[in-house]
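1. The sequence and its predicted three-dimensional model are supplied below.
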Amino acid sequence: MENCIFCKIAAGEIPSDKVYEDEDMLVFRDIRPQAKVHCLCVPKTHFATLAEMDGAQAEVLKKCLMKIPDIAGRLGLDGGYRLIVNQGKDAGQTVFHLHIHILGGQDLGEKLL
């Protein structure tokens, strides 16, 4: 998508503080962190929500989820971390390119909000 900020970041058109990258995904630090460690895991294939995902995109998402524990270890999140995937405007999704928030580095507590 030509106007998608995450597509532009994944293509290298917009700089980011990269934590990990391969042919299918990019993980970079959030510019407005909500925790001591706050990164975004972004599939390089554009789709906005889980409901729009096809089989190939599901495989990429599976790869992302399987890689996150390794990335969390590299980030020093040995005490745990939280994953958040906002789906739609009412859930707080502001960039309509599926992405996974990785939050940690501090006690996040039991409450979700």
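-> Everything's here; your move.

2. And the residue nearest the centre of this structure?
-> Nearest to the geometric centre of the chain sits Cys41, at 2.4 Å (C-alpha atoms, centre = their mean).

3. so His26 is in which element?
-> One correction, residue 26 is Leu, not His. Remark: Leu26 resides in strand 25-29, with elements defined by DSSP states H and E.

4. So which residues of this structure form strands?
-> Using DSSP state E, the strands of the chain run over residues 18-21, 25-29, 37-43, 81-84, 100-104.

5. any chance of these in a markdown table, with distance to Lys8 and mean pLDDT too?
-> Placement of C-beta: from N, CA and C, glycine included. As requested, the strands of the chain are exported to a markdown table (distance: least, C-beta to C-beta, whole Å; pLDDT from 0 to 100):
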| stretch | distance to Lys8 | mean pLDDT |
| --- | --- | --- |
| strand 18-21 | 14 | 98 |
| strand 25-29 | 11 | 98 |
| strand 37-43 | 11 | 98 |
| strand 81-84 | 22 | 98 |
| strand 100-104 | 18 | 98 |
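
6. Quick check: Cys7 vs Gln34, distance?
-> Cys7 sits 23 Å away from Gln34, going by C-beta to C-beta, to the nearest Å.

7. now the strands of the chain as CSV including distance to Asp70?
-> Below are the strands of the chain laid out as CSV (distance: least, C-beta to C-beta, whole Å):
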stretch, distance to Asp70
strand 18-21, 8
strand 25-29, 10
strand 37-43, 12
strand 81-84, 12
strand 100-104, 12
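
8. Alright, calling it a day.
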